[in-house]
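# just a sequence and a predicted model for now, questions to come.
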Amino acid sequence: MFKKTAAIVILTSGIVLYASNAIGGSETAAPAPTPAPIILHEATVISALRSEARIVAPTGKVTKTISQQDENFWGHRVYKMTVNGSFVLGVDTQDIVVSVEGNTITVRMPQPKVVSLDLPYDEMTLTEQKSLLRKELPDDELKALYTKAEKAVRKDIAQDRDVQAKAERQMEQAVEQIIVKINGVSQVIFQ
């Protein structure tokens, strides 16, 4: 009987000891596993950027006046054309160059270019000064003058440092917003 009682006491104390450890006794909990480091690849960043075909800056307004004059036997002719419109600057995402070092993304942006230019042909103003013997400007010359004005506007926008700098800042912000959404990115640097 003594052996039976001793066996019951030992068995009962083992169950009590096991239960106390399971509830939160002296046994320590296993440490939480450390997450694996996130390794970024250029392809991940490029894929995120290519989700947008083009990064654009807000529009701007433009006015340009150009003139054309000629003289011949029948007299002189001077035309001044003024065009008004709006433009949008932007870059194609395929032209953005990225490099990855650890969790830092370095981005090299191309110079913003005119991606949209709206100079309504029917809203241009044309003033003329001509001698009585000269005919009016033919349509083909008028269209050529309009094309010349459009090229001059594109050139002026490309050379306007303030417009370019503003567009660069706005596009860098847009690119950064896309890139920081990628899991693991700690810093975005623009060159």
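Everything's here; your move.
# if I pick Val100, what's in contact with it?
Leu40, His41, Glu42, Val45, Thr106 (CB atoms under 8 Å, 6 or more residues apart in numbering). Placement of C-beta: from N, CA and C, glycine included.
# which residue ends up closest to the midpoint of the chain in space?
Ile55 (3.5 Å; CA atoms, centre = their mean).
# state the next helix or strand along the chain beyond the worst-scoring helix or strand of the chain on mean pLDDT.
When each helix and strand of the chain is scored by mean pLDDT, DSSP states H and E, helix 2-23 comes last, with a mean of 50. Using DSSP states H and E, the helix or strand that follows helix 2-23 in sequence is helix 42-50.
# report the mean confidence score over that following helix.
What helix 42-50 shows for mean pLDDT is 81.
# C-terminal to it, what's the next element?
Helix 42-50 is succeeded, C-terminally, by strand 54-56 (DSSP H and E).
# on contacts alone, who are the packing partners of the next helix or strand after that following strand?
Where DSSP H and E defines the elements, the next helix or strand beyond strand 54-56 is strand 60-72. On a contact count with 3 or more CB pairs under 8 Å, 6 or more residues apart in numbering; DSSP states H and E, strand 60-72 meets strand 75-92, helix 139-159.
# repeat that for 10 Å
strand 75-92, strand 113-118, strand 125-130, helix 139-159, helix 161-179 (3 or more CB pairs under 10 Å, 6 or more residues apart in numbering; DSSP states H and E).
# what's the angle from the longest one to strand 60-72?
Relative orientation of helix 139-159 and strand 60-72, computed by axes from the mean of the first three to the mean of the last three CA atoms, to 10 degrees: 140 degrees.
# what residues does helix 139-159 touch?
60, 62-68, 70, 77, 79-85, 87, 89, 111-114, 117, 119, 121, 124, 126, 136-138, 163-164, 167 (CB atoms under 10 Å, 6 or more residues apart in numbering).
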